[in-house]
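>>> Prediction below, plus the sequence it came from.
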Amino acid sequence: MSMSPGWYLRRLSRMGPREIGGRAGDAVRRRRWRSARPRCPEVTDALFSAVLPAGTIAAVPPDAAKRLIAEADRLLAGHAEYFGVVRDDLADPDWWRDPKTGRRAPWGYAFDVPYRNEDAVGDIKQIWEPSRHQYLTVLAAAYAITGDDRYAERVAAHLRSWWKANPPLRGVHWISGIELGIRLLSWVWIRRLLDGWPGVAGLFEGNPVALNQIWHHQRWLAAFPSRGSSANNHVIAETAGQFAAACAFGWFPASARWRADALRSLDQQLRSNTFPSGLNRELATEYHGLVLELGLAALAEADAADVPVPASLRLVLLRMTDALAAVVDNRLRPPRQGDADDGHGLVVDGAGTDRWASLLATGDAVFGRLGWWPTVTGTDVRTTLLAALVRPYAKDGAVARPPGRPAHFADAGMTILRGPGEIWCRCDGGPHGFLSIAAHAHADALSVEVRHDGVDVLADPGTYCYHGQPEWRRYFRSTLGHNTLEWDGGDQSVSGGPFLWTRHARSRVLVADPSDEGVARWCAEHDGYQPSVHRRRVELIAATRELRVVDEVRPGDHRPVRLAFHLGPEVTADLVEHRAVLTWSRDGEDRSAVLDLPGELSWRAHRGESDPPLGWYSPGFGRKEPATTLVGSGFADGMEEFTTVLRFHD
């Protein structure tokens, strides 16, 4: 996908004067850097001192170590999977080739590479992901646990290969700051985990090529920060990587300045990207996880290097951790809200490790769990490593933490209703997204997401893709692609491109009473269908295990409406007229529910349709599978209420 002139105009319209000035300066700098080839300052007597404390590796839980080593052995054999594409070429990777399309990114000055154009470059995510070098942190961790030189030697060979193939400012891997930031963080951990390997100093601090790469990465990040309307999770990754490298690899004349500037920016941007309640302002749950991982990793580097950090930085990470503990369901699954691209900050675990359980375990080790937190039973490697570096949070009562499990986050517009039998329901009445472009938002105002014992019953379908497949990108972001009401054939918010919204629906919560043990209630409305207003009421009735959803649009003339309910992939539906019997299984037990749909609409079941897309569920980025979507179509004139009742059976 290449961007049209109209897209550039729409994108420009979402910027303020300061951002425009900053981007103009970036453009001048890019032109100047095309011919400027600065050399890395000479480094002598460089030492790496940010090592793990003695006994850390021995404290890694055995089952977590076993999973990690199994993953490392698969990587040694050259096997990996990225975004649904299985690869067997990682023994000797081509750093510029996209295995999905078979295309190879062109060589040249980095800022000339048309990375958004899949016809010219291939799927950019497939090319970028291995070069975050997070699979190398897995191999390095396997070396740290086993002492097996094979893992260290593979890491060294791949780093030398990558550095040779990707000289500074040449090619596709020098375009995006988030990639440079995460790569730097990976290099810091690779150096730390390989500390016992005899060749590690010659690979890093004694290697002019490595020093040149580390210096140029930091110089790039200092020059081209994500600005203004783009200062979302990208800027967190940039500053976290810059700060980590400036702490652990503080060997250059500019290191102290880079470290101070990155810490100042990281503190500011973490606060800017996070609601006071602790939820991420992008309202995209996976980015909450990514930002929290990056923040904890940066905090570990600060404490390892004895660099004081502002109290506000630790406080934001504490609130993010408490918020995550509050919103997960009984199986520790968080909401599936907004965009998700499977991005991680630090990877040192094998397949089968629960990301969210790992984050909560780290939060427990660093901040201390509260009594209402859910129990974490799984194990992971990362918690042991981070907790060995991060100083325990002072538990002196000076910082107020929630005395009970929060269920309504007013600033984020998120409300969690919980009922008997592990019924979990997320109601969305929050802002459309973050900043003027709301890059990772979906047109999902007033949508609900319902689970029973961790199984998606009424599901958020997910994300699936970013670039290269515009019709699928539109569908997974659309109003019809969520459990809410579409009015007059349009989305609630207006899209101007794959990461750009030019008009944002405004929502407000009218009632949020999730704590009533008899009937939990929620009501909200949005103005995306101006001059009409869509209002939705939700009640979760404990005695009957019943969820009641009532929709109305007022005022309104005679317009077409579509009401969609997306079922999870494990749920089958038998639809007769306006009643659907839902069945699924959990841990070998059959479960069921009845969904009574508004009789004023004509209902059809859709599954796995492609023209146009309808009836899909994306379990992860780059992957989709057929799932049943029930769509009711008809007309409304502003007088009707559409009532839906979901009744769970014992």
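It's in. From a predicted model like this one, the values you see are computed outputs, not experimental measurements.
>>> Quick check: the gap between the nearest residue to Val113 once chain neighbours are set aside and Leu221.
Closest residue in space to Val113, ignoring its immediate chain neighbours: Val172 at 5.1 Å, by C-beta to C-beta, 6 or more residues apart in numbering. In short, each C-beta sits where N, CA and C put it, glycine included. Distance, Val172 to Leu221, using C-beta to C-beta, to the nearest Å: 17 Å.
>>> And for Pro619?
In terms of C-beta to C-beta, Pro619 sits 33 Å off from Leu221.
>>> between the two, which one's more packed in?
More crowded of Pro619 and Leu221, by other C-beta atoms under 10 Å: Leu221, with 27 against 16.
>>> Show me the shaky parts of the stretch 351-500 of the chain.
395-397 (pLDDT under 70).
>>> all helices for it, in order.
Here the stretch 351-500 of the chain has its helices, by DSSP state H, counting those that start in this stretch, at 355-367, 382-389, 470-477.
>>> Out of those, which is closest to Trp96?
Trp96 sits nearest to helix 470-477 of all the helices of the stretch 351-500 of the chain, at 24.2 Å, using C-beta to C-beta.
>>> in which helix or strand would I find Cys40?
Using DSSP states H and E, Cys40 is not contained in any helix or strand.
>>> dump the residue contacts of it.
For Cys40, the contacting residues are Pro208, Leu211, Asn212, Trp215, His216, Phe252, by C-beta atoms under 8 Å, 6 or more residues apart in numbering.
>>> pLDDT at the nearest residue to the fourth one once chain neighbours are set aside, what is it?
Read it as Trp215. Excluding the flanking residues, the one nearest Trp215 by C-beta to C-beta, 6+ apart is Cys40, at 4.1 Å. Predicted confidence (pLDDT) for Cys40: 94.
>>> how much space is there between Cys40 and Arg219?
Relative to Arg219, and taking C-beta to C-beta, Cys40 is found at 9 Å.
>>> before we move on, back to that, which one of the contacts of Cys40 has the most neighbours?
Result: Trp215 is most packed of the contacts of Cys40 (other C-beta under 10 Å), 24 neighbours.
>>> Quick check: pLDDT value at that residue.
Reported pLDDT for Trp215: 98.
>>> Might one say that it is in contact with Pro41?
Yes. Here Trp215 reaches Pro41: they are 7.2 Å apart, a contact under C-beta atoms under 8 Å.
>>> quick one: common contacting residues for these two?
Phe252.
>>> List the buried residues in stretch 407-426.
Buried residues in stretch 407-426, defined by neighbour count with 16 or more other C-beta atoms under 10 Å: 407-409, 412-419, 422-426.
>>> what distance separates stretch 236-253 from the centre of its chain?
Centroid separation between stretch 236-253 and its chain, computed with C-alpha atoms, centre = their mean, to the nearest Å, is 22 Å.
>>> pull the CA atoms of that stretch into CSV?
The C-alpha trace of stretch 236-253 is given here as CSV (Å, rounded to 0.1, in the frame of the first residue of the first chain):
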residue,chain,number,x,y,z
ILE,A,236,8.0,4.7,24.4
ALA,A,237,10.0,2.0,22.5
GLU,A,238,12.4,4.6,21.2
THR,A,239,13.1,6.2,24.5
ALA,A,240,13.3,2.9,26.4
GLY,A,241,15.8,1.5,24.0
GLN,A,242,17.8,4.7,23.9
PHE,A,243,17.9,4.9,27.7
ALA,A,244,18.8,1.2,28.1
ALA,A,245,21.7,1.4,25.7
ALA,A,246,22.9,4.7,27.2
CYS,A,247,23.0,3.0,30.6
ALA,A,248,24.5,-0.3,29.7
PHE,A,249,26.6,0.8,26.8
GLY,A,250,27.6,4.2,28.2
TRP,A,251,30.9,4.3,26.3
PHE,A,252,30.5,7.3,24.1
PRO,A,253,31.0,11.1,24.6
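>>> Any idea how many residues pack against Ser610?
Count around Ser610 with other C-beta under 10 Å applied: 11.
>>> Next, work out how far apart it and Phe83 are.
Ser610 is 19 Å from Phe83, by C-beta to C-beta.
>>> before we move on, what about Asp551?
Going from Asp551 to Phe83 by C-beta to C-beta gives 35 Å.
>>> Where does the prediction get shaky in this structure?
In the chain (pLDDT under 70), the answer is 1-2, 395-397, 638.
>>> just to revisit the earlier point, Asp551 and Phe83: who's more crowded?
Taking other C-beta under 10 Å, Asp551 and Phe83 do not tie; Asp551 has more neighbours (22 against 18).
>>> Pretty sure His534 is one of the things the more buried one touches, is it not?
Yes. With contact defined as C-beta under 8 Å, Asp551 reaches His534; the gap is 7.0 Å.
>>> Spell out which residues are contacts of both of these two.
Joint contacts of Asp551 and His534 (C-beta under 8 Å, 6+ apart) are Leu485.
>>> What is the burial count for the closest residue to Asp342 other than its chain neighbours?
If the residues on either side of it in the chain are set aside, Asp342 comes closest to Phe621, at 4.4 Å by C-beta to C-beta, 6+ apart. Using other C-beta under 10 Å, Phe621 has 22 other residues around it.
>>> ok, so what distance separates Phe621 from Val366?
28 Å.
>>> What of Leu290?
Taken as C-beta to C-beta, the span from Leu290 to Val366 is 17 Å.
>>> Could you pull up the residues touching Val347?
Residues near Val347 by C-beta under 8 Å, 6+ apart: Gln134, Tyr135, Thr137, Val138, Arg382.
>>> with those in mind, which one is nearest to Leu52?
Arg382 (12.4 Å).
>>> neighbours of the closest one, just the number please.
28.
>>> repeat for Leu283
27.
>>> Now that it has come up, it's in contact with Gly429, right?
No. Contact criterion C-beta under 8 Å: Leu283 and Gly429 do not qualify, at 11.1 Å.
>>> Quick check: neighbours shared by those two?
Common contact partners of Leu283 and Gly429 (C-beta under 8 Å, 6+ apart): Gly413, Met414.
>>> List of residues touching the helix or strand harbouring Ala222?
In this assignment (DSSP H and E), Ala222 forms part of helix 208-223. With contact meaning C-beta under 8 Å, 6+ apart, helix 208-223 is reached by 26, 29, 33, 38-41, 43, 46, 159-160, 163-164, 168-169, 174, 177, 180-181, 183-184, 187, 203-205, 238-239, 241-242, 245-246, 249, 251-252, 254-255, 258, 261-262.
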